[in-house]
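**Student:** give me the fold of what follows.
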Amino acid sequence: MLGGNPGFDPLADFVSIAHAKGLAFHAWINPYGYRKGSYSGDPSLVSVANIVAGIQEILIKYPVDGIHFDDYFPPLGTSVHNEMIRQVYALTHRYGKIFGISPTGNVENNIKMGADVGTWLSTPGYLDYICPQLYWTNQHGKQGNDPLYTRRLQQWIFLNKLGLPMFVGLASYRCGEKIPGDPGWQLRNTNLYEQALSAKKAGLSGYLLFDYASLFKTGCTERTCKFASREITAFPTKPCIPGKPMNDTKHPI
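**Tutor:** Residues are numbered from 1 along each chain as shown. Have a look, this model is predicted:
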């Protein structure tokens, strides 16, 4: 563990606290330990077998409700990524859990990285659900007139030939921030609400916010509160789990 042994098991505590509060807990993982062009550990250890073994260790030791992969895919080739994802999907199902991925919202960038999102969403045996990270507003570009969020949402819906449950990743951390090329984050304080409502109308299963800390950020407080106060109108109040029927109320997310 980075920084040494803290004297307790953080993942065990997270899962226990979440379940005590009636929440599902999905282990969110960067499977390759890869980000911004480099590995966080020894790259010689990066293999499908090691990744699958690591996932199995989590499934054996902790009562997580699912496994969730982040969007970082090193340039190892589409076939390597697809084989790894197929094996993780099969493994999670053997343990009665579900498996999803939050790829970057830019479809073209996924393809360049070898993240074969088209296959994952058109061929059984890869995913239970998907959550593309659509971290843009509809006032994108220098002039603030490019509806980039909507355009990319439509791309993902088109790709979803299997009709898998699809969640949308929303950038709560960008609320009120000055983002180069995306002035919408400062022009409007209702972006999250409007994006969630748009996703609902398009038939998506729900949304995930990144990140938790942004809910307490001073510059985001007003915008977050406005979003939270309207949230109940954006999606059904009946809880759901990605990949599970909407009437499964055991562990809301």
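
**Student:** what packs against the helix or strand encompassing Arg86?
**Tutor:** Per DSSP states H and E, Arg86 falls inside helix 78-94. Counting contacts by 3 or more CB pairs under 8 Å, 6 or more residues apart in numbering; DSSP states H and E, helix 78-94 packs against helix 48-61, strand 66-69, strand 98-101, helix 117-120. The way it works is simple: take the backbone N, C-alpha and C, and place the C-beta from them, glycine included.

**Student:** against Ala202, how distant is Gly118?
**Tutor:** Going from Gly118 to Ala202 by CB to CB, to the nearest Å gives 19 Å.

**Student:** I should have written Thr92 there, sorry.
**Tutor:** 27 Å.

**Student:** same question for Leu76.
**Tutor:** Distance from Leu76 to Ala202, counting by CB to CB: 33 Å.

**Student:** any idea what sits nearest Ala171, other than its immediate chain neighbours?
**Tutor:** Among residues not flanking Ala171 along the chain, Tyr135 sits closest, at 3.8 Å (CB to CB, 6 or more residues apart in numbering).

**Student:** checking my notes, that neighbour in a strand, right?
**Tutor:** No. Counting by DSSP: H, G, I helix; E, B strand; the rest coil, one finds Tyr135 to be coil, located in no strand.

**Student:** check whether it really touches Gly105, as I assumed.
**Tutor:** Yes. Counting by CB atoms under 8 Å, Tyr135 does reach Gly105; the two are 6.3 Å apart.

**Student:** list the contacts for the residue nearest to His81 when sequence neighbours are not counted?
**Tutor:** Closest residue in space to His81, ignoring its immediate chain neighbours: Gly114 at 5.2 Å, by CB to CB, 6+ apart. Gly114 makes contact with 73, 75-78, 80-81, according to CB atoms under 8 Å, 6 or more residues apart in numbering.

**Student:** cutoff 10 Å now
**Tutor:** 73-82 (CB atoms under 10 Å, 6 or more residues apart in numbering).

**Student:** for those residues, give me JSON lines that also has pLDDT, neighbour count and distance to Gly125.
**Tutor:** Formatted as JSON lines, the contacts of Gly114 follow (pLDDT from 0 to 100; neighbours: other CB atoms under 10 Å; distance: CB to CB, whole Å):
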{"residue": "Phe73", "pLDDT": "91", "neighbour count": "27", "distance to Gly125": "18"}
{"residue": "Pro74", "pLDDT": "91", "neighbour count": "19", "distance to Gly125": "23"}
{"residue": "Pro75", "pLDDT": "89", "neighbour count": "10", "distance to Gly125": "24"}
{"residue": "Leu76", "pLDDT": "91", "neighbour count": "16", "distance to Gly125": "20"}
{"residue": "Gly77", "pLDDT": "93", "neighbour count": "12", "distance to Gly125": "19"}
{"residue": "Thr78", "pLDDT": "96", "neighbour count": "14", "distance to Gly125": "15"}
{"residue": "Ser79", "pLDDT": "96", "neighbour count": "10", "distance to Gly125": "15"}
{"residue": "Val80", "pLDDT": "96", "neighbour count": "17", "distance to Gly125": "16"}
{"residue": "His81", "pLDDT": "96", "neighbour count": "21", "distance to Gly125": "14"}
{"residue": "Asn82", "pLDDT": "97", "neighbour count": "18", "distance to Gly125": "10"}
